[in-house]
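>>> Predicted model and sequence below, questions to follow.
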Amino acid sequence: MLADATWGAIHRWVDQRFDLTFSDIPDDDFMLIEHGEHLAGYVGVSVWRMGERTVVSLPNGMFNEITVPLTWQMTIDEAPLTALTDPALWRAALGARVERIVGPSYQGFLDAGAFRPATPIPGVRPLTAADQPALRRFIAACPADDWQDSAITLDQLDHQPIVGLERDGALIALASAPGAEVGPGIVMRSVGVVTLPAARGMGAGLAVVSALTARCLASGALLHYQTLRANLPSVAIARRLGYTDVATALAVRLTPK
């Protein structure tokens with residue numbers, strides 16, 4: 001169970017992401033807004049549903065272009081608000097304007113009181129800038145979509161925690177957690193994890209996420225874990241470690257005009 005202070009930090013994190021006060025949205029309702037600073041430049045729709053409230057953030061200058069067909073589609077489908085995180089609604093409403101949809105995605109959060117660490121295994125260690133050659137070899141061996149979805153970047157070795165699992169001198173799994181301040185001295189770190197296909201199903205992902213989570217919690221941070229809800233093994237890692245299922249998100253990337 002998450003502490004009250006953690007829930008407050010989660011709400012501040014969401015408020016910062018969308019440049020609003022999420023709690024101002026009435027229960028069982030939604031709010032349509034244009035992108036704020038955090039999402040500026042993203043040519044797509046970002047949906048966040050937490051509890052009975054939903055925010056839909058739209059590209060700047062495209063408010064009417066999107067809300068008119070969206071409202072019409074929801075009306076003719078008699079769609080509930082939960083449909084806002086359903087890719088089918090957006091494809092029906094926007095048609096060829098949809099380039100790619102990511103989600104619906106699981107959004108889990110964790111504090112020290114809820115953490116259930118996994119049993120450590122040999123070969124798990126923090127990475128440093130000296131590991132850049134090994135990391136480049138890992139990237140080359142990793143499916144491109146998996147690497148992109150992990151949100152891990154080479155430059156994080158210099159300023160963000162990254163934990164890897166090494167076998168026979170090569171990395172087979174990685175987890176990282178870039179952070180954002182959500183209050184005085186309070187940091188929310190967002191976990192990204194990727195495991196090479198040949199190493200999946202052996203606990204590698206669980207091992208690196210557990211070690212990274214422990215490292216971040218020891219520094220006083222809170223943790224955020226995002227993965228596709230359809231990725232059941234990844235969701236299982238979060239649940240095993242004690243992450244609480246807090247929200248569902250959807251990203252609808254649009255084709256350029």
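All right, it came through fine.

>>> and the protein, what are its domains?
4-106, 116-241 (automatic domain parsing).

>>> Of all the ones you listed, which one is nearest residue 252?
domain 4-106 (4.0 Å; Cβ to Cβ). Where C-beta positions appear, they are placed from N, C-alpha and C, glycine not excepted.

>>> Report the distance from the closest one to the chain centre.
15 Å (Cα atoms, centre = their mean, to the nearest Å).

>>> now stretch 219-233
Counting by Cα atoms, centre = their mean, stretch 219-233 is centred 6 Å from the centre of its parent chain.

>>> How about residues contacting that stretch?
6, 9-10, 13, 102-111, 177, 179, 182, 185-191, 200-201, 205, 209, 213, 216-217, 234-235, 237-238, 243, 248-249 (Cβ atoms under 8 Å, 6 or more residues apart in numbering).

>>> List the buried residues for that stretch?
221, 222, 223, 224, 225, 226, 227, 229 (16 or more other Cβ atoms under 10 Å).

>>> With stretch 85-100 instead?
For stretch 85-100, by 16+ other Cβ under 10 Å, it's 85, 86, 89, 90, 92, 93, 94, 97, 98.

>>> And for it, what's in contact with it?
44-45, 47, 49, 54, 66, 69-70, 72-74, 77, 79, 83, 101, 103-104, 248-250, 252-255.

>>> Tell me where the stretch 101-250 of the chain has helices.
132-141, 144-150, 156-159, 204-218, 232-241 (DSSP state H, counting those that start in this stretch).

>>> Let's have those helices in TSV, adding mean pLDDT and distance to residue 58.
Below are the helices of the stretch 101-250 of the chain laid out as TSV (pLDDT from 0 to 100; distance: least, Cβ to Cβ, whole Å):
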stretch	mean pLDDT	distance to residue 58
helix 132-141	85	33
helix 144-150	68	23
helix 156-159	60	30
helix 204-218	94	32
helix 232-241	94	28
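
>>> What residue in the chain is the furthest from its centre?
Most distant from the centre of the chain: residue 76, at 31.5 Å, with distances by Cα atoms, centre = their mean.

>>> how near is that one to residue 44?
Distance from residue 76 to residue 44, counting by Cβ to Cβ, to the nearest Å: 24 Å.

>>> go on, residue 173?
Residue 173 sits 29 Å away from residue 44, taking Cβ to Cβ as the criterion.

>>> more neighbours, these two?
residue 173 (26 against 22; other Cβ atoms under 10 Å).

>>> partner residues bridging the more buried one?
Residue 173 has these beta-bridge partners by DSSP bridges: residue 165, residue 195.

>>> Contact partners for it?
With contact taken as Cβ under 8 Å, 6+ apart, residue 173 is in contact with 164, 165, 193, 194, 195, 196, 199, 204, 205, 207, 208.

>>> which one is the last one nearest to, not counting chain neighbours?
In space, and not counting its chain neighbours, residue 208 is closest to residue 175: 4.0 Å by Cβ to Cβ, 6 or more residues apart in numbering.

>>> Quick one: residues contacting that neighbour.
Applying Cβ under 8 Å, 6+ apart, we find residue 175 in contact with 162, 163, 164, 191, 192, 193, 205, 208, 209, 211, 212.

>>> now those in CSV, with neighbour count and distance to residue 139?
Below are those laid out as CSV (neighbours: other Cβ atoms under 10 Å; distance: Cβ to Cβ, whole Å):
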residue, neighbour count, distance to residue 139
162, 23, 13
163, 24, 16
164, 24, 12
191, 26, 18
192, 23, 13
193, 27, 14
205, 23, 17
208, 30, 16
209, 28, 19
211, 22, 20
212, 25, 18
